[in-house]
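# Quick one: sequence and predicted model below, then my questions.
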Amino acid sequence: MKKRILHQLSRRERQIMDALYRLGEGSVSDVQRALADPPSYSSVRALLGVLENKGYVRHRKVGRAYMYLPTISRDKARDSALKHMVQTFFDGSVEHVVAALISQSGGRLSDEDFERLEKLIRQKRKEEGD
């Protein structure tokens, strides 16, 4: 099966996928209403068809309407996008990503936030040491 990668979608296709993730599933009208600055109904319907042909979306018939839903879990989509971002903007360095996120927080990390981060690092070290 061909690997589907969300970052290869157009801006509008990603917006539609985001809407479907928020909705869980939805009709063309539901998706259109969930979009900021939405295109026409027929454009949304056509884009859902494109996404279905690409394997990102499937539909089921409910009465006279089609209900569309993602075929890729939000977690897999998130992981794919994150991997792409790390490779593209941080040369594959997790350390650089974490440093950038911490510096972007604007000093808003609490002691509890740092403790949770330290715990995650300790757990990862333990896993990799086994």
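All right, it came through fine.
# A strand includes Leu69, no?
Yes. The assignment for Leu69 by DSSP: H, G, I helix; E, B strand; the rest coil puts it in a strand.
# That one: neighbouring residues, count only.
Around Leu69 there are 14 other residues, counting by other CB atoms under 10 Å. For glycine as for every other residue, the C-beta is placed from the backbone atoms N, C-alpha and C.
# List phi and psi for Leu9.
Here is the backbone geometry of Leu9 (degrees, to the nearest 10): phi -90, psi 160.
# Give me the residues contacting the helix ranked longest in the chain.
If you go by DSSP state H, the chain has its longest helix at helix 111-129. The list of residues contacting helix 111-129 from outside it, by CB atoms under 8 Å, 6 or more residues apart in numbering, reads Leu109.
# Now it - C-alpha only, CSV.
Taking C-alpha atoms only, helix 111-129 is exported to CSV below (Å, rounded to 0.1, in the frame of the first residue of the first chain):
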residue,chain,number,x,y,z
ASP,A,111,8.3,24.3,37.4
GLU,A,112,5.8,21.5,36.8
ASP,A,113,6.4,21.7,33.0
PHE,A,114,10.1,21.3,33.5
GLU,A,115,9.6,18.4,35.9
ARG,A,116,7.4,16.7,33.3
LEU,A,117,10.0,17.2,30.6
GLU,A,118,12.7,15.9,32.8
LYS,A,119,10.6,12.8,33.6
LEU,A,120,10.1,12.2,29.9
ILE,A,121,13.8,12.5,29.2
ARG,A,122,14.6,10.1,32.1
GLN,A,123,12.0,7.6,30.8
LYS,A,124,13.5,7.8,27.2
ARG,A,125,17.0,7.3,28.5
LYS,A,126,15.9,4.3,30.5
GLU,A,127,14.1,2.8,27.4
GLU,A,128,17.1,3.3,25.2
GLY,A,129,19.5,1.9,27.9
